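Visitor: sharing a sequence plus its predicted fold:
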Amino acid sequence: MKSVKSVYMMTDLEGVAGVDDWDPRHTDYANEAKGVYERSEMQRLLTGEVNAAAEGLFKAGVEEVLINDAHGAGRTILPEELIPGVRIARGRNRPNWLLGISRRFDALVQVGMHAMGYTPNACLAHSMSRGIRYRANGREIGEMGMAACLAGQLGIPWVFTSGDLHACRESETWAPGIVTAPVKEGLSDLCAVHLPPADARNLIRERVQEAVQKAGQIAPVTIQGPVVIEVQREEPWPAKLREGAERIDAFTVRYTGKHFWQAFHHATYGKPDLPLPE
Ligand SMILES: [Zn+2]
């Protein structure tokens, strides 16, 4: 069995222990003391979990860890606080969603994950934005599933999730055998029972090592092409749609691609022909 040397780490903010409200960057107090304080606290909590995962990976013998700072802001992890030895892909105007991904990675891990939009009781559940649902070839899919299908298309298995218990359960429906670290249990959209950060980080550090050991037994997540992605909003779509989009009804549009990588980047980035990474 091939050992796991290179790991791609997808990260998000809303599944982190201690976070149960939206990133205040869009609120009208974002630039005032309270907003800045709240955001920096969320950033520290996220960075702590990312570090714990990286520590566990290195302890398990992994040599390369590339972290994708993938929360919508594009710049949420605090680089100065990262442990040595990792690399971080961050920023805006991304050429694709999984910055720096390539076939050389042996496993995908996801840290700070929230459940897909409309999951009952899940904390901060959403799919890319609030008030929107995605389906891929008829199956409802959230952000974790999307990242897993993109990586899976390159042959990379999704082996670990930390986050809301509801997100951990969702991950098990996509990747049987995946190892999870539930660091909080959502009770509503804005409410959860949390582990304190020290316990959350210990759990992540331990479980991610277990995931590395099991990686060879977990199959990459794949969706057979051609792939149709439907995007359903609560508000009607505007009269003018993105090129290549097909309107199903007032609330739903559809994108078709040869495979998931293409259909996804068509639907979310307006890039229908984005080539697969090497
Ligand atoms: Zn998210």
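Guide: Received it, and whenever you're ready, just let me know what you need. Residues are numbered from 1 along each chain as shown.
Visitor: L154 and the ion, how far apart?
Guide: Here L154 is placed at a distance of 21 Å from the ion (CB to the ion, to the nearest Å). Every residue, glycine included, has its C-beta placed from N, CA and C.
Visitor: just checking, that residue touches L276?
Guide: Yes - assessed by CB atoms under 8 Å, L154 is found in contact with L276 at 7.1 Å.
Visitor: who has more neighbours out of the two?
Guide: L154 (19 against 15; other CB atoms under 10 Å).
Visitor: contacting residues around that one?
Guide: L154 makes contact with I101, S102, R103, F105, P220, L276, P277 under the criterion CB atoms under 8 Å, 6 or more residues apart in numbering.
Visitor: let me know whether the fourth one touches V7 as I believe.
Guide: It refers to F105. Yes - counting by CB under 8 Å, F105 touches V7, with 6.5 Å between them.
Visitor: any shared contact partners between these two?
Guide: L66.
Visitor: check contacts around the residue of the stretch 51-200 of the chain found nearest the ion.
Guide: Closest approach between the stretch 51-200 of the chain and the ion, counting by CB to the ion: E143, at 4.8 Å. With contact taken as CB under 8 Å, 6+ apart, E143 is in contact with D12, M113, H114, M116, S127, M128.
Visitor: what about the ion: which of those touch it?
Guide: With CB under 5 Å from the ion as the criterion, the contacts of E143 include D12 near the ion.
Visitor: gap between E140 and L66?
Guide: Distance, E140 to L66, by CB to CB, to the nearest Å: 29 Å.
Visitor: and Y118, by the same measure?
Guide: From Y118 to L66 the distance is 31 Å (CB to CB).
Visitor: and those two? which has more neighbours close in?
Guide: Applying other CB under 10 Å to Y118 and L66 shows that L66 carries more neighbours, namely 20 against 14.
Visitor: the more buried one against V50, yeah?
Guide: No - taking CB under 8 Å as the definition, L66 is not a contact partner of V50, at 11.6 Å.
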